[in-house]
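Asker: I would like to see how this sequence folds:
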Amino acid sequence: MPRPLIGITTYLDTAAWGVWRRPAALLPADYPALVQRAGGVAVMLPPDPDPAAAHAAVARLDGLILAGGADVDPEHYGATPDPRAGPPAPERDHWELALIHAARAVGTPILGICRGMQLLNVALGGTLLQHLDGHMEAEGIFGTHPVRPVPGTRYASIVPETTQVPTYHHQAVAQLAPLLRASAHAEDGTVEAVEPAFPGEGWLLGVQWHPEVGRDLRIVRALVAVASGAEPSVNSSSVPAGPAPALSDAGHVARPPAAPAGAPLPPPAP
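Answerer: Numbers count the residues shown, from 1 in each chain. Predicted structure coming up:
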């Protein structure tokens, strides 16, 4: 059976190599290496100035990974920017939102990683918490914390036990999109994985951590399996999600107090 072709979104940034310092489409090598180790063929999907090209791109893919990176522009979920939010990457936002909708239209399986999970939630009508603490070790250093699966979810069928995951983010899901449900949580109640809320939806999974810097291949192997046709692409789970974390009066997940507004902003995860 041919190895499935998995597209991975990229940065647009300035990079240096050899004698050159030039604008570049960037992707940490951990991402394609993760796809290759899981049995897929990785291709990069740099932002295209024409979002309509997303349909042509998706038509050539067997699966899609939305990589980590800059904060999602709060304009996409109707919020005012928090002073602790990082600068957005509008070219990525527009391109990747178009990829999400194009992939969902034809049933191409999607895996969102960190920012990618957040963007999935926004694309489907959810909102984001623009700053929280405790989900990174230090600036530029991944932390770790346990993630607990919700019984009966697709994620729990892939990773049934509580695991330690590599993490680096300062934003998270606030209001969950109506079409999504939480399938894993951190100890503080942060939503750590999302998937379709209803049976019959296509294969979609978002994780808030960074599997590309860990050793556990199960999530990406699951993506590769469905992309290759070895596993069904439609969500067949009908088991209700477990108890939801406590909600604030605004309907958002109740969390520990955020850092003060003057706290230094961490750089985006790779």
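
Asker: can we go C-alpha only for contacts and neighbour counts from here?
Answerer: OK.

Asker: give the contact list for residue 92.
Answerer: 10, 11, 12, 47 (C-alpha atoms under 8 Å, 6 or more residues apart in numbering).

Asker: And the helices in the protein?
Answerer: Ranges of helices in the chain, per DSSP state H, are 30-37, 53-59, 90-106, 115-123, 154-158, 218-227.

Asker: Any buried residues in the longest one, and which?
Answerer: For helix 90-106, the neighbour count (16 or more other C-alpha atoms under 10 Å) marks 91-104 as buried.

Asker: Dump the C-alpha coordinates for it into CSV.
Answerer: Output of helix 90-106 as CSV, limited to C-alpha atoms (Å, rounded to 0.1, in the frame of the first residue of the first chain):
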residue,chain,number,x,y,z
PRO,A,90,-2.5,36.8,9.2
GLU,A,91,-1.1,34.9,6.2
ARG,A,92,-1.2,31.7,8.2
ASP,A,93,-4.6,32.4,9.7
HIS,A,94,-6.3,32.9,6.3
TRP,A,95,-4.5,30.1,4.6
GLU,A,96,-5.0,27.5,7.3
LEU,A,97,-8.7,28.4,7.9
ALA,A,98,-9.2,27.9,4.2
LEU,A,99,-7.4,24.5,4.4
ILE,A,100,-9.6,23.4,7.3
HIS,A,101,-12.8,24.2,5.5
ALA,A,102,-11.5,22.6,2.3
ALA,A,103,-10.4,19.4,4.1
ARG,A,104,-13.7,19.1,6.0
ALA,A,105,-15.7,19.6,2.7
VAL,A,106,-14.1,16.4,1.2
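
Asker: From residue 17, how far out is residue 31?
Answerer: From residue 31 across to residue 17, the span is 19 Å (C-alpha to C-alpha, to the nearest Å).
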